[in-house]
Every structure is written in structure tokens, then in C-alpha cells.
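>>> structure for the following, please:
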Amino acid sequence: MRTTSVVLLIIALVPAVSSSAVAGESVTQTLKAADLFGGYEAKRILLKGDALVLDTRNWRPKEQGRLVTDVIDLAGDGLLAVPATVSDFALALDAATPEGTSVTAQVRTGTTFFPTKDTWTEWFGHEEVKTPKGRYIQIRLKVRTDDPKVVPEVRGLTLSRAVTRGPTMAGTVALVEDKVQRIADSAVRFEYERPDQADLVWMRKTFKLDDVIAGKKTEFEQLKALMHWVATRPNDRHKGWHTGPYPWHIRKVLTEKDGGTVFGHCMSYCEVFITAAGALGWQGRHWAIMGFREASHEVPEVWVNELGKWVFFDPSLDTYYADPKTGEPMSILEMHNTFVNALLKDGEQLQWRGIRSNDTYAARIRALRGKHPITCVSRDYAYGKPTKWDWQWRHGYMTAGWMQLTTRNNWHSQPKPACSRFSSYPTGYCGFPVYVDEKTPVPSRRTRTWYTRKRDLWWTLNQATFRLTRSGASALTVACGNSQPFFKRYLARRDGGAWEPVDATFTWTLKSGENRLEVVPEDALGRRGIASVAVVRYSP
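Residues are numbered from 1 along each chain as shown. Coordinates of the predicted model:
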């Protein structure tokens, strides 16, 4: 069961249609394979050239692929819309379905851009929907085969409908500035821990974590200070320090001895860092990764609002990696891309077997010494001790080959189910998802769940977003959505005034000239996320 209050959003990434429709205008829109592939979900679906095909690796009978688009505005207005109704809807699918295969299309429609149970329909066969409930639609394709050697191909689909605009309103409203957050949602569900959970509160108070980050002006500087605190905790990994499943509980891997002693190895330091960050209001996630040389490692990423991205930290080695040109810290995906592009030639794939002893890889890594296309920033600690370690040969960013995500960090409020063990390699423990691409194929026959797109495993957090619809001569209806765990309320301010609580849908009354609106989400602990901003010009 999920323990998050995130409002799931699906921001349209498909081509918009013209907003110049008149009453009853017929509109046709074609979505190509690439448009469909970039949507909300593409499970066991691959983009091959100009077609979508089933990903039949490690195939089992009765499996099927599923593709779900982002929400599409059938009136095609974008951020600033005018009232419209839609009728005479039809969907034509362009697909090749050999014998023993099938592709079926379903749709659901709604009156709001952000789906809710009250404003959206259930899924129906596309032939059943002639008059949508509202102007917004989502499409789901189910793709199946009886024989994994014979797969259907989806080249695209065409949507047709009649769009009728509402009556013309006096005055004009024009969008001047658009800094509205585009939320990347994912079909992968993640379960978050609340910062006020009792064990996190204990950790924050016992180890005076507020003092650790005191005086640091930015989120990233605070997280670096927190990582250094974790990295300098003494390490105790005596044999038999735990029995049974790995103890995902802070009081079992961190004791108060010597200011905090960490039992275990890299996984334990990872857990301590994620828990400490969580206690202070950040959300982190655990990755099992494997790459060259000291091949396996357990590391965290933390969502950093001010950077609008997930950032890799290594609390075992007091390290992060940065883009050498910009100095911006990297996500684990950015590290992965840097590693495989530096190590592999065009057309090559990382070899799973013998990765530690592959002489070709070793020679290429040696040739990169002093010329790695990445910056390592380290304070030279390793497992609680000052250590000058060789990141260009040992762990380094080169462990970011195969990557498996643990899809929850609520280890304290929900201790079970727990994995019986964590594998030395990310090959599918507990069914957690693995990221694969053309250079890192599915690593094992045991691997059951994998994803191939960035948005599947690198979704966005803590954002507010909104859509605008004219509802009067000098009025806009503002419909809000967010991606914040444990969301409580929206705050808005108009023209630089005071922040005020607002409903998820509210009216923005415009004055003549430029009007500025900012909306920010706030969670149950009063922590604010990333704001969206729009400026419109109203001419009576």
C-alpha cells in the first residue's frame, strides 16, 4: 500500500493541435510511435525505428506489453485554454498484427487536466467513446503475442474529433511568461517515509542533525555536510553483526557509540544517509549498482529542489560527481551515461560475465587515467577513516553500469516485507526494477522487471503545476496539481503579494496589464516545494 500523498500527474508530451478551432471544427491529430513511446508508461515496449514493438526478453506465457499516453487536451490549447467541448471522437490505430498477436486500444476521458475519480471516466474500448466526458483524454494500448518470436508493430494512431469553442469573451488574455513546472510522473510506484516518523525523529534529535547542516546556505551544501558527517562515522563490520534479512532499521545499523558507529558496509552507510536526509525533510532512494573493477556498490540519490533533479551521493566514500564544464552535481543516470560512453565503442554492450577481469575494459580504464570525462569531488574518507582512494580505478563512477532501484524508503513505518538478502549484483532481488539501455542489456535470466526510459525511474518531485482556462472577461480558472510526497496544501501569490492558501481549483481575477501568478506546494510538515509561475497580459 502506498504511503504517499503525491497527486499523480501526466503532462502532455505529444504534439499539440492548433488552438484556432471554430464552432464544430473538425480536428485531426496523428501521434507517431515516438510520440506514444514518450508518454506516461511503456511497459515491455521498445521503440525500433518508426514502430513500437514488444520487448520479449525473458518472456513468459500470457505476458503483454502496455503503453499509456500522457493526458491529451483534445481542444489543443496548451497552458492557457478557452472553454471548449468535444464530440464525434474517433481513434484509428496504425498497427501490423500477424496471426497470434493483437493490439487493443482503450480510452478514458475527463473534464479536468489532472485526473480524479469524480471528473474522469473508467477505461472503455475506443469504439465505445463517441462523445468524451470532457476535453481531456488518455489512451492505453495493450500489446500481446502467443509467440515471442512473432510480435506486432504499432506505427502510430490518429485522433479525430469536432471541437466547439465557447462564446467569445470581451478583452484579450495573452501568455507573456511561462515558468510552469512540467512534472515527469512514472508508473513505477514509490513508497516514501514521513520525516516525522518516530525513528527518524529519534535520529534527528539524538545526533543533532540540525547542527550538522547549520550555516550552510543551499540545499546542496547542507546535503554535502550531511554526507560528510555520515562518511566520518566509525565503521564496525564484525562477522555476524546481523542475522536474517538485512536490517533496514536505523537503530540496528547505527549506534550512539563514538558519536554514531555504523555496522556493516556500503549499504549501511547508504541507509544512514537516506534516513538522516529523510529526518531533515529530503527524500532519498537506494540503488544497487554494478560496474567495472570493485563491481558492486550500494548508493543513494536525493531529490534536490534547488537543482530540480535527483543527485548522487556516496556516503561510504564522501564523494559526489560533477559535470566538468558546469560543476553541476550529477544524477546516477548521468554518471551511467558518462561511464558507458567513455568505456564502450559504438555498437558495443557492457558484458555481464567477467566484468571484473575483462582485460579490454581494464586497458581502456587505464588509458582514461587523468582524462576521465567527469569530475570527482571527495573529502577523502572511506568508511569512517581518512583515506586517499583511487576513484579512477576502483569504485568511482565506473560502478554505475547496471542499476537497480529499491522502490521504497519507508523501512521504519513498514518493515515488512523485507528481502531475504540483497544480491551482490542488481539482477532482480525482490522484483525491484533495473534500468537497462542499448549499452547495458537485461543482466540476467532471473531479471523480471526493467525499464528503458529516463522518466520511468527518474521522475520529478516537490513541484506545483497548473493549467489556466478563461472563465470570464477578466477571470481565469486555475487548476493545480503537484508531485509532492505528503502534500497538504497549495499556496499562491498574485503580483508579488503575500502567500495565501488556495484550493486545487480557484479563480484568478485579472487587472488591466500584466498579471503574475505563483503557486507552490507545501507538505504536512510545512516544507515548501518548487513553485510554478505564469505572467499574462489582460487587455479589456
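
>>> what's the burial count for the residue nearest to residue 435 when sequence neighbours are not counted?
Spatial nearest neighbour of residue 435, chain neighbours left out: residue 403 (4.8 Å); criterion: CB to CB, 6 or more residues apart in numbering. Using the backbone N, CA and C atoms, a C-beta is placed for each residue, glycine as well. Other residues near residue 403 come to 23 when the count uses other CB atoms under 10 Å.

>>> residues in contact with the helix or strand residue 403 falls within?
Taking DSSP states H and E as the criterion, residue 403 maps to strand 402-405. Applying CB atoms under 8 Å, 6 or more residues apart in numbering, the external contacts of strand 402-405 come out as 188, 285-291, 332-333, 336, 350, 352, 425-429, 432-436, 440, 443, 457.

>>> give me the sheet partners of that strand and which way each runs.
Applying DSSP bridges to the sheet, strand 402-405 is found paired with strand 284-290 (antiparallel), strand 434-435 (antiparallel).

>>> rewinding a little: what subset of the contacts of strand 402-405 is buried?
Listed as buried from the contacts of strand 402-405 are 188, 285-291, 332-333, 336, 350, 352, 425-429, 432-436, 440, 443, 457; burial here means 16 or more other CB atoms under 10 Å.

>>> quick check, central residue of the protein?
The centre of the chain sits closest to residue 459, judged by CA atoms, centre = their mean, with a distance of 1.0 Å.

>>> confirm for me that that one is in contact with residue 189.
No - if you go by CB atoms under 8 Å, residue 459 and residue 189 don't touch, sitting 10.3 Å apart.

>>> neighbours around residue 307, how many?
Using other CB under 10 Å: residue 307 sits among 14 other residues.

>>> ignore what I typed, I meant residue 331.
By the measure other CB under 10 Å, the count of residues near residue 331 is 21.

>>> coming back round to it: what is the rounded mean pLDDT of the strand holding residue 403?
On average, the pLDDT along strand 402-405 is 94.

>>> strands of the stretch 401-540 of the chain, residue ranges please.
Remark: strands assigned in the stretch 401-540 of the chain by DSSP state E, counting those that start in this stretch are 402-405, 434-435, 450-451, 464-472, 475-482, 487-494, 500-502, 505-509, 513-523, 532-539.

>>> quick one: which of these is nearest residue 75?
The closest of those to residue 75 is strand 464-472. By CB to CB, the value is 9.9 Å.

>>> what pairs with the closest one, parallel or antiparallel?
strand 80-81 (parallel), strand 475-482 (antiparallel).

>>> contact partners of the first one?
Residues from elsewhere that reach strand 80-81, judged by CB under 8 Å, 6+ apart: 19, 73, 75, 173, 175, 467-470, 476, 536.

>>> and it, how far from the chain's centre?
Offset of strand 80-81 from its chain centre (CA atoms, centre = their mean, to the nearest Å): 26 Å.

>>> following it, which helix or strand comes up?
strand 84-96.

>>> what angle sits between that following strand and strand 464-472?
Strand 84-96 runs at 130 degrees relative to strand 464-472, counting by axes from the mean of the first three to the mean of the last three CA atoms, to 10 degrees.

>>> and strand 84-96, what other elements does it pack with?
Strand 84-96 sits against strand 101-110, strand 136-145, strand 153-165, with contacts defined as 3 or more CB pairs under 8 Å, 6 or more residues apart in numbering; DSSP states H and E.

>>> re the thing from before, output the strands of the stretch 401-540 of the chain as a markdown table; include the columns distance to residue 308.
Converted to a markdown table, the strands of the stretch 401-540 of the chain look like this (distance: least, CB to CB, whole Å):
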| stretch | distance to residue 308 |
| --- | --- |
| strand 402-405 | 19 |
| strand 434-435 | 20 |
| strand 450-451 | 21 |
| strand 464-472 | 13 |
| strand 475-482 | 14 |
| strand 487-494 | 18 |
| strand 500-502 | 23 |
| strand 505-509 | 25 |
| strand 513-523 | 14 |
| strand 532-539 | 12 |
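
>>> any weak-confidence spans in this protein?
1-23, 294, 420-428 (pLDDT under 70).

>>> and the helices in it?
Along the chain, counting by DSSP state H, helices occupy 33-37, 198-206, 209-213, 219-231, 250-253, 266-279, 332-343, 359-367, 454-457.

>>> ok and the longest one relative to strand 284-290, angle-wise?
Put plainly, it is helix 266-279. Using the same axes, to 10 degrees: helix 266-279 against strand 284-290 is 160 degrees.

>>> packing partners of helix 266-279?
Under the contact definition 3+ CB pairs under 8 Å, 6+ apart, helix 266-279 sits against helix 198-206, helix 219-231, helix 250-253, strand 261-263, strand 284-290, strand 296-304.

>>> what lies in contact with the third one?
So the one you mean is helix 250-253. Under the criterion CB under 8 Å, 6+ apart, residues 199-200, 202-203, 242, 247, 262-264, 268, 271-272, 275, 412 lie in contact with helix 250-253.

>>> name the residues of that helix that are buried.
Within helix 250-253, judged by 16+ other CB under 10 Å, the buried ones are 250, 253.

>>> convert it to CSV, retaining C-alpha atoms only.
Output of helix 250-253 as CSV, limited to C-alpha atoms (Å, rounded to 0.1, in the frame of the first residue of the first chain):
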residue,chain,number,x,y,z
ILE,A,250,18.4,2.9,11.7
ARG,A,251,18.7,1.7,15.3
LYS,A,252,20.1,-1.6,14.1
VAL,A,253,22.8,-0.2,11.8
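
>>> and that helix, how far out from the chain middle?
That offset, for helix 250-253, works out to 28 Å (CA atoms, centre = their mean).

>>> make 393 the starting number, not 1.
Done: numbering now begins at 393, and the last item shifts to helix 642-645.

>>> I'd like the domain boundaries of the chain, if you could list them.
Following automatic domain parsing, one gets these domains for the chain: 417-560, 590-849, 856-931.

>>> end to end, how far does the longest one reach?
With CA to CA, to the nearest Å applied, domain 590-849 spans 28 Å between its terminal residues.

>>> mind checking how far it is from the chain centre?
17 Å.

>>> which residues touch residue 711?
Contacts of residue 711 (CB under 8 Å, 6+ apart): 705, 768-771, 783.

>>> ugh, wrong one, residue 568
Residue 568 makes contacts with 906, 927-929, as judged by CB under 8 Å, 6+ apart.

>>> again, but for residue 518
With CB under 8 Å, 6+ apart, residue 518 has these contacts: 483, 485, 497-499, 531.
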